[in-house]
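Novice: Build me a model from this:
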Amino acid sequence: MAKKSKKRAAADKKFNRDSFYSLDDAMKLIKEVNLTKFDASVDLHIRLGVDPRKADQAIRGTATLPHGTGKTKRVLVFCTPDKEEEALAAGADYAGLDDYVQKVQGGWTDVDVVIAMPQVMGQVGRLGRILGPRGLMPNPKTGTVTQDVASAVSDVKGGKISFRVDKYGIIHSSIGRVSFTPEKLVDNANELITTLVRMKPSSAKGSYMKSVTVASSMSPGIRIDAKALVK
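Specialist: Got it, this is the predicted structure:
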C-alpha cells in the first residue's frame, strides 16, 4: 500500500470518510481538503437508481449553473456560411463547416462543446467515431443541434452544462472550481440535483438518488447525505 503524502494525511484528518455530510458542510470541506495548488475543478458524482441499458432510463440532459463552471469553454459551431458571423459574434471560438469537418477527420478535437445546425448533421454525423467517444457529438437532447446557434453558444458560455449517465448509472459533472465560495458551489449543485430529480423516469424503481459524492481534482471524496437532498 502506497504511503500517503503529508498533505493527503492532513486532508484525511479534516473529515470522516464514513460519515455523510450536508451539502453546505461538504462544500466547505471540499475547499479545505483540496490538495492542488491550481484552481481545481469541483465535481459531483451522483449514482442513480436507473438501468442505462433501458432507453427511458438513459438519463441525458442539460442544466444551467447559476454561477457557471469557472471554466471558459471552447465552442465549435458547424453551420452554413450565412450563420458563421452570427455564431462568432455570440462567442463561438470556431464556426464553419467543410474546413472544420476536415480538421476533425484529421484528429483535431481541441474544443469542449460542439454545436451544429440540423441541415449540416449529414456531414457532421460522419464524425461520430471521433466526436462520440469524447462526448462531443451534437445532440438535440442537449440543445447542441439547433437552428438558433447564437443562443446555443450564449447558453454554453453562460454556464449551461451537459450530462449523461454512464454505463454504471453514474452522472459525473463539474459544478465549479475550488476558488468558488461554498455558497456558489451549493447553488450550482442544487441546480444539477434538482434537474436530475425532475428527470426521474417513471419506470425507475426503488431509491433514485443512491449516492452523491463531491471531490476536487486529486482530493479525497466527501460523501453527501443523498436522502436529505431529495427531501
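Novice: ok, residue 98 - contacts?
Specialist: residue 123 (CB atoms under 8 Å, 6 or more residues apart in numbering). Every residue, glycine included, has its C-beta placed from N, CA and C.
Novice: Check residue 123 too.
Specialist: Residue 123 is in contact with 78, 97, 98, 101, counting by CB under 8 Å, 6+ apart.
Novice: ok, now how distant is it from residue 80?
Specialist: 11 Å (CB to CB, to the nearest Å).
Novice: Now do the shared contacts for the two.
Specialist: In terms of CB under 8 Å, 6+ apart, residue 123 and residue 80 are both contacted by the residues residue 97.
Novice: can you give me the end-to-end distance of stretch 66-74?
Specialist: End-to-end distance for stretch 66-74, by CA to CA, to the nearest Å: 19 Å.
Novice: circling back to that earlier point, filter the contacts of residue 123 down to the ones in helices?
Specialist: 98, 101 (DSSP state H).
Novice: of the contacts of residue 123, buried ones?
Specialist: Neighbour counting over the contacts of residue 123 (16 or more other CB atoms under 10 Å) leaves 78, 97, 101 as the buried ones.
Novice: which one of those residues sits closest to residue 205?
Specialist: residue 78 (39.9 Å; CB to CB).
Novice: Against which helices or strands is the longest helix along the chain packed?
Specialist: Longest helix in the chain by number of residues (criterion: DSSP H): helix 182-198. Judged by 3 or more CB pairs under 8 Å, 6 or more residues apart in numbering; DSSP states H and E, the packing partners of helix 182-198 are helix 23-32, strand 41-48, strand 60-64, strand 170-177, strand 209-216.
Novice: gap between it and the chain center?
Specialist: 12 Å (CA atoms, centre = their mean, to the nearest Å).
Novice: One more: stretch 132-150?
Specialist: For stretch 132-150, the separation from the chain centroid amounts to 14 Å (computed by CA atoms, centre = their mean).
Novice: ok, back up a step: closest to residue 146 out of the helices and strands packed on helix 182-198?
Specialist: Nearest of the helices and strands packed on helix 182-198 (CB to CB): strand 60-64, 11.9 Å.
Novice: From the rest of the structure, what touches that closest one?
Specialist: By CB under 8 Å, 6+ apart, the list of residues contacting strand 60-64 reads 139, 141-143, 155, 158-165, 191-192, 195, 199.
Novice: Show me the strands paired with it, marking each as parallel or antiparallel.
Specialist: strand 160-164 (antiparallel) (DSSP bridges).
Novice: partners of the residue positioned nearest the centre of the chain in the sheet?
Specialist: The chain has residue 173 as the residue nearest its centroid, 3.6 Å off, counting by CA atoms, centre = their mean. Beta-bridge pairing for residue 173 (DSSP bridges): residue 44.
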